[in-house]
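[1] What would the 3D arrangement of this be:
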Amino acid sequence: MEEKLFVDSEGKMTRSLTLKCIILAAGASRRLGEPKALIEKDGIPLIRWLVNRLESKGLEPIIVTRQELMLDIALCCPERTIVVNPNPDAGRTGSIRCGIIHINSESKVKRYRLLMVPVDRPAFGDETLSLIMNEERCCVPSKDGRGGHPIMLTSNEIDKILAEENPDAPLREIVNPKYLEVNDENLHLNIDLPSDIEKWRSIP
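    Model prediction:
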């Protein structure tokens, strides 16, 4: 998503930074027992369902996954950019770094915003997604005092993630997002168990 003009907090017309997007789908799904990215809803794999949602908002998401899932995800999402994390079990932050490094290698844009979307937290509403996409600061949607996803990262947070030497460092120890309260019933749905899959499938 390219730059656009907006009015900042001081009432000045400002040009926003380009918005990039990555989907994190490199987890081993050991607790669930099957790859989360490949579970289906109405015959559509979760990873493709999520890509479709993001593309409908004008985004061009990059998918970060593990080697053993690359072919299946490529078949689900042909002609999409897929990046393999060579050490996915080291932690989610390492997968984010892989996505950022790929963006930086392919893009002429040096400063940008980054929307980070974990594949196992797909139930945020369209209003929540639009709200976060329009932000120019590091932030997450929040409900009942708990932060959710997706998360918006600014160029400052991107620099911090690249500078972090420990790929196992939790993201919450690197960035400090602003919580934006939303009325989003399914914000905290985390696909870990078969019952979570059924709940996701029941969402219109």
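[2] So which bits of the top helix by length along the chain are buried?
    Among the segments of the chain that qualify as a helix by DSSP state H, the longest is helix 92-106. If you call a residue buried by 16 or more other C-beta atoms under 10 Å, then helix 92-106 has these buried ones: 92-100, 102-103. C-beta coordinates here come from the backbone N, C-alpha and C atoms, glycine included.
[3] Low-confidence bits of this structure, can you list those?
    1-15 (pLDDT under 70).
[4] Centre-most residue in it?
    Computing the C-alpha centroid of the chain and ranking residues by C-alpha atoms, centre = their mean puts V117 first, at 1.4 Å.
[5] give me the beta-bridge partners of it?
    Per DSSP bridges, the residues bridged to V117 are I23.
[6] Just to check, it is in contact with K57?
    No: at 11.1 Å, V117 and K57 do not qualify as touching, with contact defined as C-beta atoms under 8 Å.
[7] Show me the strands in the protein, by range?
    Remark: strands assigned in the chain by DSSP state E are 5-7, 13-15, 19-25, 40-41, 44-45, 62-65, 82-84, 113-118, 139-143, 146-147, 151-153, 178-181.
[8] show me what contacts the nearest residue to M70 once chain neighbours are set aside?
    Closest residue to M70 in three dimensions, ignoring its sequence neighbours and counting by C-beta to C-beta, 6 or more residues apart in numbering: V84, at 5.5 Å. V84 sits next to 64-67, 70, 98 when contact means C-beta atoms under 8 Å, 6 or more residues apart in numbering.
[9] Of those residues, just the buried ones, PyMOL syntax please.
    Selection of buried members from these for PyMOL, criterion 16+ other C-beta under 10 Å:
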select buried, resi 64+65+66+70+98
